[in-house]
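Trainee: Give me coordinates for this.
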Amino acid sequence: MSIKDLFNKQNIEPPECGGTDTTQDPEAPKEIVSEDMILFDVTSALDWDYIPSSEKESTLEALEFVSAFAVPAGNHTFLFLETEDRFEGRAENMRSWAYVKQNIFPSLVKLVRDRNIAKSNGYHSTTHGLPENFGGSVDIRYASGEKISFSDNGCPILTFETAAEIVKLFTEAQQGERVELPGVSALKEIRFEELRENGGFTKAILTIQSDGTGINAKQSRYDDPKVYESEKPVDAGTIAAIKKNIEKTGILAWSGLPSNGYSFGENKQITFVFGDGAEIAVKDGRLLPGQISQGFFNIELEMVTKN
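Mentor: Next comes the predicted model:
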């Protein structure tokens, strides 16, 4: 069935390329009372042509895109920052994450208030057919239940000045004292476990050998009582790719992150075991920026689907 047929079956007009859907929540507050922020998730393209000359500092003068994410992780803070800079017509994206001891949220509360970010709260506009990163979105939440949410995929939603202040704040925070995490070179074992509501399960243990290869042992049970078992070798290239994924996504820092609020009747967990006996357990469905949220699935794919 085509997309058009699907819409026709439901008596819904498919969105036309170039058409715009816009909503405004009249109940969305334009001022936030709470001082206790629990999520900062902001993404916006930037209109470089309108940057005041006074703002064109050497480190930020080519800034054209920013995506910043901060969430409490236990007693610490998990940060993610992506920027796109354009030098001599060449686009360059830079991504970085950090698990820091600093509480960045008082500074973010002040930034949101000083820059009056809540003024657009409740406004959402989608123009169909536009390329990604034409506009942006804001999702800021507070312990009080207050939130700031607005989006527009057709144009920048932040001023350059606000974006530059966000970049400076996140860059300085990422350079602060970090929470110590084990290095992937000390990783000896990865355990995957999925428990399903019907009593079924999938378990896999990837043992990493001294030569860089591995052995993946898997057990699965579905609707019948039978347990299916398999054991397969894993080449050094795959082990190296898994370690790179761990470093790139910061998954070892995910254990203290809050849930994203979505559940599909599955309980999945990955446990990383290190040479000194230390273990870090990470559950699926953590609240994360989209750019690195596939870190869990990438490991599951290698241990469960491919092996």
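Trainee: pretty sure residue 170 contacts residue 81?
Mentor: Yes: taking contacts as C-beta atoms under 8 Å, residue 170 lies within contact range of residue 81: 4.4 Å. Where C-beta positions appear, they are placed from N, C-alpha and C, glycine not excepted.
Trainee: shared neighbours of the two, anything?
Mentor: residue 68 (C-beta atoms under 8 Å, 6 or more residues apart in numbering).
Trainee: So which of these two has more stuff around it?
Mentor: residue 170 (25 against 22; other C-beta atoms under 10 Å).
Trainee: mind listing what that one touches?
Mentor: Counted by C-beta under 8 Å, 6+ apart, residue 170 has contacts 68, 70, 79, 81, 104.
Trainee: Can you lay out those residues as CSV showing distance to residue 149 and secondary structure?
Mentor: Output for those, formatted as CSV (distance: C-beta to C-beta, whole Å; DSSP: H, G, I helix; E, B strand; the rest coil):
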residue, distance to residue 149, secondary structure
68, 16, strand
70, 16, strand
79, 21, strand
81, 21, strand
104, 20, coil
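Trainee: Quick check: of these, which has the highest neighbour count?
Mentor: The most crowded member of the contacts of residue 170, judged by other C-beta under 10 Å, is residue 70 (29 neighbours).
Trainee: Just list whatever residues bridge to that residue.
Mentor: Assessed by DSSP bridges, residue 70 has beta-bridge partners residue 40, residue 79.
Trainee: now do residue 230
Mentor: Going by DSSP bridges, residue 230 is paired in beta bridges with residue 218.
Trainee: now do residue 282
Mentor: Per DSSP bridges, residues listed as beta-bridge partners of residue 282: residue 270.
Trainee: What residues of the strand or helix carrying residue 297 count as buried?
Mentor: Following DSSP states H and E, one finds residue 297 within helix 295-300. Of the residues in helix 295-300, 295-296, 298-300 count as buried by neighbour count, 16 or more other C-beta atoms under 10 Å.
Trainee: Can you list the neighbours in contact with that helix?
Mentor: Applying C-beta under 8 Å, 6+ apart, the external contacts of helix 295-300 come out as 190, 192, 242, 245-246, 248-251, 254, 268, 270, 282, 284, 286.
Trainee: Make a PyMOL selection of the buried ones in those residues.
Mentor: Buried residues among those (16+ other C-beta under 10 Å), as a PyMOL selection:
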select buried, resi 190+192+242+245+246+249+250+251+254+268+270+282+284+286
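Trainee: Okay, and which of the contacts of helix 295-300 map to helices?
Mentor: 242, 245-246, 248-249 (DSSP state H).
Trainee: my read: residue 152 touches residue 135, true?
Mentor: Yes: taking contacts as C-beta under 8 Å, residue 152 lies within contact range of residue 135: 4.5 Å.
Trainee: And the helices in the stretch 51-200 of the chain?
Mentor: 105-114, 160-174 (DSSP state H, counting those that start in this stretch).
Trainee: Most tightly packed of those helices?
Mentor: helix 160-174 (a mean of 19; mean count of other C-beta atoms under 10 Å).
Trainee: how about low-confidence regions in the stretch 151-300 of the chain?
Mentor: Applying pLDDT under 70 to the stretch 151-300 of the chain flags the ranges 263-266.
Trainee: ranges for the strands of it?
Mentor: For the stretch 151-300 of the chain, applying DSSP state E, counting those that start in this stretch gives strands covering 187-196, 201-208, 214-221, 227-234, 266-274, 279-283.
Trainee: list the contacts for residue 94?
Mentor: Per C-beta under 8 Å, 6+ apart, neighbours of residue 94: 82-85.
Trainee: which one among the residues you listed gets closest to residue 147?
Mentor: Residue 147 has its nearest neighbour among the contacts of residue 94 in residue 82, at 22.3 Å by C-beta to C-beta.
Trainee: Excluding residues flanking it in the chain, which one is nearest the closest one?
Mentor: residue 67 (4.2 Å; C-beta to C-beta, 6 or more residues apart in numbering).
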